[in-house]
Structure formats: C-alpha cells, structure tokens
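need a 3D model of the sequence below.
(3 chains)
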Amino acid sequence: MTAALQIENLWIEAGPVDDPLVLVRGVDLSVEPGTVVGLVGESGSGKTVTCMSALGLAGAGVRITRGSVRAQGTELVGADEATMRRVRGGVVGTVFQDPLSALNPLQRIGDQVAEALVLHRGGRRRAHRERVVTLLARVGIPAPEQRARAYPHELSGGLRQRVAIAMALANDPAVLVADEPTTALDVTVQAQVLDVIRAATRDEGRAALIVTHDLGLVAEVADRVAVMYAGEIVEEGAVGSVFAAPQHPYTRGLLASRPLLAPGRRRLSAMAGRPPLPGAWPGGCAFAARCPDAQTACAEPPPVRRGDDGWSRCWYPPTDDPGRDPVEPQERAG
Amino acid sequence: MRRRRLDLRLWAPLGVLLVVVVACFAGPGLLGPEGAQQALGERLAPPAWLSGAVDGKPLGTDAFGRDMLSRTLEGGRVSLQVGFGAATGAVVIGLVLGLVAGYRGGWWDRAIMTVADVWLAFPFLVIALAAVAVVGSDIPVLVALLTLGGWVLPTRVTRTIVQRVRSEDYVVAAAGAGASDLYLVRRHVLPQVLPANLVVWSFTVGALVVIEGALSFLGLGVKPPTPSWGNIISDGTPFLETAWWVVAWPALMIVVTVMCANALGTALRRRWQTGSGVLDTSTALDTRVAP
Amino acid sequence: MATAPAVATPPPRTGRRGRRARRIAGTLARLVLTLLGLLTLLFFLVRLSGDPAGVLAGPSATPAQLDAVRAGLGLDEPLPVQYAQFLGDVVRLDFGTSVFTGESALGTALGALPATLLLIVSTMLTSILVGVPCGVLLDRGSRVTRALIGSTMTLAQAVPTFVLGVLLSYLFAVRLGVLPAFGSGTPATLVMPTLALASFAVARTARMVAAELEQVEDQDFLRTASAKGASSRRVLWRHALPNAFPAVAAALVVEMSFLISGAVVVEVLFAYDGIGKELVDAIFARDYPLVQAAVFVIGVFVVTVNILGDALLAVLDPRTARDRA
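You can find the predicted model right below:
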C-alpha cells in the first residue's frame, strides 16, 4: 500500500549555497492513508520547515538538497510547477498557523474558498457557491451563507481558522497538512478547532500530518507521533506506546514537562538547557548535551532501534537497561 | 575591530554637493567679470570642443554672448541659496512645530497636524505663483515662500519620533524620576530627532531646488538679468535647435544637485537606520516634499 | 514635572454606520478647512501687496477706476468686514470679471479645466500602466533588470518636470519632428505633456509597488494561495498586487496637489490650454480676478479628488473603514 505522504531521507538547507545552514537532516516520515501523524518538537527543530518544504512552500532561500517526498505516489522533489499546483490543494490541503494573516484581507471568505475549487475543478467562482456553503457548514461556521460574504477581519480567530480548514478541504485532498493549527488561537477556541480537525481527519479517514509543539493536541487527534530534535526525527511510534513508554530521553523530557500526559507523575520537571540552534548542532547525538543519561558513546551518531511499532534514535533506550529509572531523569541531572 | 571603510554612498554625493556649492559661490569671482558681460558678436558660440568656439568661453555662450560657464555657476547661487536656505528654514520650523505637537500633545497637536494636513492638500506651486505675482520675487521672499512649501514633512517626522520616544519606558521612567522637560528633550528627544531631520533636510533641499527652478523657468523667480538655473533654461529653450548648450548646463546642474541631495538623504537614512534603529520613519520620509 | 505622554484614546466602539458617518464628517470638515485656508491665503495675498485696488484694477487703471474698485470692494471697511465680504462673494461664486477678457473669471477658469483634467487622467493612467509593471520588475526581476529599472527611476525622480519637458520637446519635436512642440486639442499634443508629467509619478508608483510587494511578500495569505494550487503568476496578480494597490492608489491621490503643480509647468512649456497656463497668463497679465478664480478652482479640484480618493480606498480595501478611521 502506498503511503498518502511519504518523506524519505529529506535534507533541507538555507542560506548561501557555499555556506549553507542545514535545517533538516535526513528525515524519514510516512503518513499512511487514514492515519493522523503528529510531528512534535520545539521551535527550531525543523518540524515546520520539513512539511512546508515538502510542499514547496517554505519560501525563497530554503531548498531541499536530498531525499524524496511523495504524495499519493507523485514525487514532489524537483517536480514542475504544474505538478506542484495539481498536488497543492488537490492532493494535499494545507492549514497554517496564523489564521489572521493566512486569509487574503481584501477578498470575501466565500470567494477565497471558491478559489480553491476554481483552481482544481475549473468553472467560475459563482458556480461553486453551493459547495462553498456546504464546506463552511461542515467546519462548523454558523450561518454559512451570510458568512461567505464576510471579509476575514469581520470574523473571530476561531472562525478564520475554520475558514482556512474549509479551504484546505475544498477539493477533498487525500492528505491534510496543518502547521500549528491551534497555536495562535485562544485556549477556549482551541478545543473547538481541534474537533473540526478531528472530524476532517479521523472521522473521514483522511491522512493528516499535524505539526505542533502541543503534546496534548497529539494525544487528542493523532494515531502516530514523530518527535523532532535538531533537524532529525529522534523517535516515531504509535501515540499510545510512545506516550506510555517513551524510548528517547528527549521524548521523556517532553512528556515529563506536561502535567496531564506524564503517566503517574506528580512532579513536573523542565528539561535542562535549550535546544541547539540550526548551524550549532553537535556531531553524534544532538541531544547528548542535555541528556541526563549521556555517556561516552553518545559522541557518535546513535543507531536507529526498531521496536514492535516504531523506532528511536538513542544509544541507551530504557529497555536496554531495566535497572535505570527512565522516568525521573531530571532529578539526577539537577 | 574592523576599520571603518569610507562609505561612498554617503561621501560621494556629499562631495559633489560641496564642489557644486563652492564652484557656484567662488567660481564666478575667480573667472572674472568678463564672463557675465554681453558680447553680441559672440552669440550662441558652441563649447570649446566644437568648431566655432570662442576662446575663454569653454562651455559656449548664450544668446547675448555671455559665457555659459560663469553664467551657469552664477545661476547656481540663486538656486542654491533659495534651496538650502528654504530647506533649513523649513526644517527649523518643522523641528519646533513637531516638538510642540509631539511633546505637548492634545490641542496643540491637533491644531498643528490639521494645519499640516490642510497645507499638504494645497497645490503649493500654484500658491507660490500667485504669491510671487503679488509680493515679488527677491531672494528673501523666495526663501520665505519655499520655507512654507517644505515645513510639513519635518514637522510630521519630528512629531512621530517625539511621540515614540516619549512613550518609551526609559523616558517615562526619567520623567517619573523628576527629570525636567528641557532635560528630557535635550537628552532623549533631540538626539533622535536631529538625525532624522538631517535626512529630511537633504530631501527637502533637492525638492526646493526643483521648485525654485520651476518658478524661475515660468518667469516668476528672480528677475533677469540675475541668472538662475530655471530662467537660463527658459531663456535657452527657443534656441534649443541650434544651441543646446544653453539649456544643457543648467539642466545638468539641477539634475546633479537633486540627485546628490536625494542620494545623500538616502545614505544618511540608511546609516542611521542600521546604526541604531532610530530612523524608523521611512514611510514618512518617502512622502514627497514638492514637485 | 513632566506632563504625561499624550496617549491617543481609542475611539469609542460604535457601529459600522457610526464610523462611516464620522469619517464622512471628518472628510467634509477637512474639505471646508482646506478651502477656507486657501481663500484666506488668497485674500491676504492680495491685501499684502499694499493697494489691493491697484492690484485688482490693474496697473493701467485711472484714479476714477481705482476709486470705483475701492468702493466696489468695500476697501474703506475694516479688514474683518472685507474678509467676510470676500467670503460672501466666494460663497456666491462671484469672483468678478476677468480684467483681460471681461468675462466671468470663474467661467474662464472653469472653461480651461477639462483640458487639464484630460492631462491629469492620462498622466495617472500612464503612471499606473507603466509604474505597476516597473514596480513588479523592481521587486521580482533579475538582478540586472532591478538595477536597470532602479537607476532609471532614480533619474526620473531627480529630473525636474520642466527640464524633462525641454528635453522631450528637443528630442521629439526638434530632432525627430514626430510630435508637435506646442498646442492642445489633438491627441498628439497630449503625448509630451503626459510623458513629462508622468515620469515622476511613474517612478514613485513603481517604488511604492515594489515596497508594498516586498512587505506583502512574506505574508501568509500568499502562501495560502500557493497551497491552494495557485500559480505564482496568479498569486502575484490576484493576491499580492491587489493588496499592494490601496497604498499605491492612496499615494497617487495624495500626489494630486503635486501633480497639479507639475501640470502648470507642463502646460506653460507646451502651450497646452489648461487651467495652469490660464493661471500663469493671468499672473503675467495682472488679471487678479482670474488668478483668484483659477486658484479657487484648482483648490476645489484637489480637495474633491482627495475625497473621492478616500471613497475609492474604502472600495479597494474593506478594512479601511475600520483601520484608517
């Protein structure tokens, strides 16, 4: 079975060609049909640039140097404009972080949703009016017929993000890519938008890649999770097993800093140190400097260890050393 | 520390402007009075490198046989006096009004800014034309008049900066600690306002040299025989077919002066923008001063 | 003790209609203020000259004529009364008769307006049709294109209208002989005045478009449009440029008072029969009623354009009603 979105050994860099800044190094990620994958990591870890570059939306100066990205079997790395246009919005729908700036301020939202239809199905905007209203209703916009005539600035942040989702879903894409879809929203609205995303993905059997730093969001909507650190994926697996038994110390640290997700934990702990910035990534295991369990071997690139359903990139996963206490790393470090 | 390299984008236009100013004010004196005298036998003689040129008149002669070199330089005196004088006056007025508007705020601010808005809606050249027709066109009058044409931009820029500086935490804190208004203005406001106004001044010089040129081109600037770049061009226009040099030299001088003034302003703005982030008024500065 | 920094209090929340009404009221107030300022200036200008009767009657007037003018103008009255009288005349649109033609000054001035309007419209069209593509190239073009257009624009901004006009007439009328050097009324006579007048506006428009595009460039909605599958050309023309346009249009409207000033020069230079030439001719002829009428007509025109421009902006940018109020 082909994956809905398949990223293989993706390397991304920016800046001058002779002195490039490496942003992503060798990311492998596969989003199977009907699965929702959460891509988590701190800012600067390369999670956003990974999925934006994959669609050619990362902006000028950011380039893919190696690897492959396939959407429904279509290779996107090095693809021509026409292919990219067909894929964008047609095969892969995209939702961005900030719904305020993601909508054209001068166009009515109905027209913006209709544009997505016109671009892939042809015809005039007016011909798609019915579908636009259906779409707006589907993402839970009240009074969609009236709202279709509204301008973005007349809507609340939550409604705007719903419009953005409606736009992304307009052509029933096989994959939905969402970049921090709830981060810019009020906490009270986040849950509602999350429901919309869940309905659009899990409930409709659509594959999705959701980029976020919010583990709570992953727990709620994702089937699988990939954890990114310093331009690499350090752990990947089913949400349930990763959350219950994180294999990588970074994942453990992330989980330990979340109140509701750290299983059985009373005390919260913050990870020591800060993630290294692109360009300052150390050789060997990039997390070694912050890792409470780092040992001499960590100066070398860690091997990929495959579990039953997932893998991690660590010299000393907890299962190798049952005597070690994997859940209170910070206290030892502190 | 790296040695600071000479910034050509700043010093080149400044150097050229200085050369123009020195040449215009010292040149005619050095060349002697003959150049300004009419010599009807040498009418419309071409520049030295063309056949038919007259000795001692390297840039050719005008319709009265006067030397174009000394005439062009002399014409620059009026244009530059009016341009620099009026720009300076405009910036001084703008500084004062902008400080008052930004610092006092409230009613003062509203009054000054309303007048500025209204003033900007006036077609300035039209008013200047009407005014010159009535009150004459001596140099002091022209300076005063063009000062009125340029005060809005420095006022707006000054006010914007003053308002921003005033609301910054360290200034509010200093005021709270009992610093006097005078101290605050001297210590915190002026150091930010003055560089910005130097930038404005540069652009304004260019714009006002053009307005002066336009006025004297229309025959409403200084009265002949006193030359000014604008009226030399206007006098030379009928002879364009046979004697392009009468128009060319003053036109070139205006273009060079305006370009250098603009380039100087741009360079100064760039320098202060990157230097301290003080000059974040680029949109205000891009507003045109005058035609 | 220092006074507290002036903090702009946000306007009270009112409905959309209230905002619009206040905006219109503000614009009207500005209109009235501008015209009043213009008229006051005119009034005092004429009085500044010492003997307004002499000015208004012209230099060749006999003493009897002067007395008649004085009485007619109420110059024996105190200044405020004169001012009120003057305003009263203006309200009745009575600017007297042109000394030169003996016809209504206002009528003469208005008669010359259409030709100027034509010139301004063609200049604005040129500056948009040429300036917008230049601006796009200035932002998107190759390095060479950008340098080429950039330096052309710098030059265009530094060459004064009257110098460019002289150059154009040398080139097209004297050397090539393809365009008439003088006159008005035929399409050919419109070409050179338009070019001379538009060069600055083209450069300015191009620079504004480039600056706005650069600003708009990294905004998410362009990425959204790409993500929907729009081509880069469509993103530029449907999303980036329309968002850059309101600022450009606003600048063009603000430029109107400068454009009119330039039009005066150009009309005189090319003997184009518009209101600018009429004004300068009147100044030389010491035809003060006509000068006053022409300045008044130009002022009303500029202010009207400003108001129409505001309305146009509201159409172009639905946020205007909220943001710019």
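
remind me, longest helix of chain C?
helix C:105-140 (DSSP state H).

so which elements touch that helix?
helix C:143-158, helix C:187-217, helix C:241-254, helix C:256-269, helix C:275-284, helix C:288-316 (3 or more CB pairs under 8 Å, 6 or more residues apart in numbering or on different chains; DSSP states H and E). Glycine gets a C-beta too; all of them are placed from N, C-alpha and C.

which stretch among those comes nearest chain A?
helix C:241-254 (5.4 Å; CB to the nearest CB).

show me which residues of the stretch 101-250 of chain C sit near chain B.
Residues of the stretch 101-250 of chain C that fall close to chain B, judged by CB under 8 Å from any CB of the partner chain: C:154-155, C:157-163, C:166-167, C:169-170, C:174, C:200, C:204, C:207, C:211.

mind giving me the PyMOL command for buried ones among those?
The PyMOL selection below is limited to those of those classed as buried (16 or more other CB atoms under 10 Å in any protein chain shown):
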select buried, chain C and resi 154+157+158+159+160+161+162+163+166+167+169+170+200+204+207+211
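
coming back round to it: dump the helices and strands packed on helix C:105-140 to TSV, plus distance to residue A:208.
Formatted as TSV, the helices and strands packed on helix C:105-140 follow (distance: least, CB to CB, whole Å):
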stretch	distance to residue A:208
helix C:143-158	41
helix C:187-217	29
helix C:241-254	30
helix C:256-269	53
helix C:275-284	65
helix C:288-316	37
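
what's the most buried one of those helices?
helix C:256-269 (a mean of 27; mean count of other CB atoms under 10 Å in any protein chain shown).

next one: phi and psi at residue A:80?
phi -80, psi 170 (degrees, to the nearest 10).

what's the local residue count around it?
7 (other CB atoms under 10 Å in any protein chain shown).

I'd like to know how far it sits from residue A:56.
11 Å (CB to CB, to the nearest Å).

show me where the chain has its helices.
Because you didn't say which chain, this covers chain A. Under DSSP H, chain A gives helices at A:47-54, A:81-87, A:109-121, A:129-138, A:144-147, A:157-169, A:187-200, A:215-221, A:239-244, A:249-256, A:329-333.

meant chain B, my bad for not saying
Under DSSP H, chain B gives helices at B:8-31, B:68-104, B:106-121, B:124-135, B:139-150, B:152-166, B:169-176, B:181-184, B:190-217, B:229-236, B:244-276, B:282-286.

same list, these, but as JSON lines with mean neighbour count, mean pLDDT and distance to chain C please.
What follows is these, written out as JSON lines (neighbours: other CB atoms under 10 Å in any protein chain shown; pLDDT from 0 to 100; distance: least, CB to the nearest CB, whole Å):
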{"stretch": "helix B:8-31", "mean neighbour count": "16", "mean pLDDT": "81", "distance to chain C": "11"}
{"stretch": "helix B:68-104", "mean neighbour count": "23", "mean pLDDT": "87", "distance to chain C": "8"}
{"stretch": "helix B:106-121", "mean neighbour count": "16", "mean pLDDT": "82", "distance to chain C": "5"}
{"stretch": "helix B:124-135", "mean neighbour count": "23", "mean pLDDT": "79", "distance to chain C": "3"}
{"stretch": "helix B:139-150", "mean neighbour count": "21", "mean pLDDT": "85", "distance to chain C": "10"}
{"stretch": "helix B:152-166", "mean neighbour count": "24", "mean pLDDT": "84", "distance to chain C": "4"}
{"stretch": "helix B:169-176", "mean neighbour count": "14", "mean pLDDT": "78", "distance to chain C": "4"}
{"stretch": "helix B:181-184", "mean neighbour count": "14", "mean pLDDT": "78", "distance to chain C": "5"}
{"stretch": "helix B:190-217", "mean neighbour count": "25", "mean pLDDT": "85", "distance to chain C": "4"}
{"stretch": "helix B:229-236", "mean neighbour count": "26", "mean pLDDT": "86", "distance to chain C": "6"}
{"stretch": "helix B:244-276", "mean neighbour count": "21", "mean pLDDT": "80", "distance to chain C": "4"}
{"stretch": "helix B:282-286", "mean neighbour count": "15", "mean pLDDT": "37", "distance to chain C": "8"}
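
reformat those as JSON lines; add distance to residue C:122.
Shown next, in JSON lines, are these (distance: least, CB to CB, whole Å):
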{"stretch": "helix B:8-31", "distance to residue C:122": "34"}
{"stretch": "helix B:68-104", "distance to residue C:122": "31"}
{"stretch": "helix B:106-121", "distance to residue C:122": "23"}
{"stretch": "helix B:124-135", "distance to residue C:122": "20"}
{"stretch": "helix B:139-150", "distance to residue C:122": "26"}
{"stretch": "helix B:152-166", "distance to residue C:122": "28"}
{"stretch": "helix B:169-176", "distance to residue C:122": "50"}
{"stretch": "helix B:181-184", "distance to residue C:122": "52"}
{"stretch": "helix B:190-217", "distance to residue C:122": "21"}
{"stretch": "helix B:229-236", "distance to residue C:122": "25"}
{"stretch": "helix B:244-276", "distance to residue C:122": "25"}
{"stretch": "helix B:282-286", "distance to residue C:122": "25"}
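
between those, which gets nearest to residue C:89?
Ranking those by their distance to residue C:89 (criterion: CB to CB) puts helix B:124-135 first, at 17.2 Å.

what residue lies at the spatial centre of chain B?
With distances taken as CA atoms, centre = their mean, residue B:205 lies nearest the centre of chain B, 1.3 Å away.

residue C:95 belongs to a strand?
No - under the criterion used here (DSSP: H, G, I helix; E, B strand; the rest coil), residue C:95 is coil, not part of a strand.

and the residue in chain B sticking out farthest from the centre, how far is that from residue B:183?
In chain B, counting by CA atoms, centre = their mean, residue B:177 sits farthest out from the average C-alpha position, at 41.6 Å. Separation of residue B:177 from residue B:183 (CB to CB): 10 Å.

per-residue pLDDT of residue A:267, please?
Confidence at residue A:267, expressed as pLDDT, is 57.

again, but for the one 10 residues further on
For residue A:277, the pLDDT comes out at 76.

what sits closest to residue B:25 if chain neighbours are left out?
Of all residues not flanking residue B:25 in the chain, residue B:77 sits nearest, at 6.2 Å (CB to CB, 6 or more residues apart in numbering or on different chains).
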